[in-house]
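*Asks:* what follows is a protein structure lacking sequence information:
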């Protein structure tokens, strides 16, 4: 039966990026990961990615994890590239489960899964490019992750601890900061908090992934504005067993990923789902500027 979206939150999202290359570069190749994926409780009503100037080649593919990738190739003295991503998305998240299996049961279930697709727990159990093991993070997380504790209760407590013990500071870290460095400083941004949570959970055998997405820019009347709404946001998702699957938790705002969160991609860490990366030939310095706006709109 087709699901009704009459009661859903409808968001219109605009994400504009400008990349500049000084006097120009002969060749540039970009990987753009801004087209949202299908996700439970989320429906893509409209989506358009406009590139200026037109690349000489564009290849749209599904990435190795839960991510869509547009590979763009430019030639001939490229000085500036503009990427405009607009979309309209309906969000009706499923109800949060009341109970969940224990940490021990979840850990055992993850090891028994033989399927290796993008949503399988297997790729999210082990170290990845950024989310490498760290003994200090593992030891700090251990009191929250008792094997006999329900997994969802445990990870919610861990998320709350990150929110309470870490300071949000956009000047303290950058995209190259490791989870160990952010943990030692107890400061950072959403990317850092998600990575610390992922490293902590994987250290105790719980599959954890990195979610890239958006937050509603303006909150409903009477509610506080969520931190991280002026840019792309990041949070963690935890595999809570074969019946519950992946559940998102936002340690930056100490809340579940619910009706205010729009999922764009899921990977092992930021490196798998970074909005834009790539390479170019030449001696220019690449600079990047962006703007993000997420507005709730009436259903069409």
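*Replies:* Thanks, I have it. Bear in mind the structure is a predicted one, so any value in this text is a computation, not a measurement.

*Asks:* every contact and neighbour count from this point should use C-alpha atoms.
*Replies:* Will do.

*Asks:* please identify the buried residues of stretch 282-300?
*Replies:* 292-296 (16 or more other CA atoms under 10 Å).

*Asks:* closest one of the residues you listed to residue 188?
*Replies:* Ranked by distance to residue 188 (CA to CA), the buried residues of stretch 282-300 are led by residue 292 at 20.1 Å.

*Asks:* if you count contacts, what does the helix or strand where that closest one lies end up packed against?
*Replies:* In this structure, residue 292 is located in strand 287-297 according to DSSP states H and E. Applying 3 or more CA pairs under 8 Å, 6 or more residues apart in numbering; DSSP states H and E, we find strand 287-297 packed against strand 9-32.

*Asks:* ranges for the helices of the stretch 151-300 of the chain?
*Replies:* For the stretch 151-300 of the chain, helices defined by DSSP state H, counting those that start in this stretch occupy the ranges 151-165, 179-185, 190-203, 270-273.

*Asks:* can I get those in CSV with mean pLDDT and distance to residue 63?
*Replies:* Formatted as CSV, the helices of the stretch 151-300 of the chain follow (pLDDT from 0 to 100; distance: least, CA to CA, whole Å):
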stretch, mean pLDDT, distance to residue 63
helix 151-165, 98, 28
helix 179-185, 97, 24
helix 190-203, 98, 20
helix 270-273, 97, 9
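
*Asks:* tell me how far stretch 176-193 lies from the chain's centre.
*Replies:* How far stretch 176-193 lies from its chain's middle: 15 Å, per CA atoms, centre = their mean, to the nearest Å.

*Asks:* mind listing what's buried along it?
*Replies:* For stretch 176-193, the neighbour count (16+ other CA under 10 Å) marks 178-180, 182-183, 186-193 as buried.

*Asks:* swap in stretch 49-65?
*Replies:* Judged by neighbour count (16+ other CA under 10 Å), stretch 49-65 contains these buried residues: 55, 58, 63, 65.

*Asks:* quick one: mean pLDDT for that stretch?
*Replies:* Averaged across stretch 49-65, the pLDDT comes to 95.

*Asks:* what's the straight distance from one end of that stretch to the other?
*Replies:* In stretch 49-65, first residue to last residue: 20 Å (CA to CA, to the nearest Å).

*Asks:* equivalent analysis for stretch 182-192, please.
*Replies:* For stretch 182-192, the first-to-last residue distance is 6 Å (CA to CA).

*Asks:* biggest separation within the buried residues of stretch 176-193, which pair?
*Replies:* Taking CA to CA, no two of the buried residues of stretch 176-193 sit farther apart than 180 and 190, at 14.7 Å.

*Asks:* what's the span of stretch 35-47 from first residue to last?
*Replies:* 7 Å.

*Asks:* the residue lying closest to residue 78 once chain neighbours are set aside and residue 32: what is the separation?
*Replies:* Counting by CA to CA, 6 or more residues apart in numbering, residue 78 lies nearest to residue 24, which is 4.8 Å off, once chain neighbours are set aside. Taking CA to CA as the measure, residue 24 and residue 32 are separated by 20 Å.

*Asks:* do the same with residue 151
*Replies:* Counting by CA to CA, the gap from residue 151 to residue 32 is 34 Å.

*Asks:* then residue 41?
*Replies:* Distance from residue 41 to residue 32, counting by CA to CA: 24 Å.

*Asks:* ok, now residue 56?
*Replies:* 15 Å.

*Asks:* same question, residue 262
*Replies:* As for residue 262, its distance to residue 32 is 17 Å (criterion: CA to CA).

*Asks:* quick one: which of the two has more around it?
*Replies:* Remark: of residue 262 and residue 32, residue 262 carries more neighbours, 28 against 20, as counted by other CA atoms under 10 Å.

*Asks:* any chance you could map the strands in the chain?
*Replies:* Using DSSP state E, the strands of the chain run over 9-32, 42-52, 57-62, 68-91, 167-168, 187-188, 208-215, 233-239, 246-250, 255-256, 261-267, 276-281, 287-297.

*Asks:* between these, which one is closest to residue 108.
*Replies:* Taking CA to CA, strand 233-239 is the member of the strands of the chain nearest to residue 108, at 12.0 Å.
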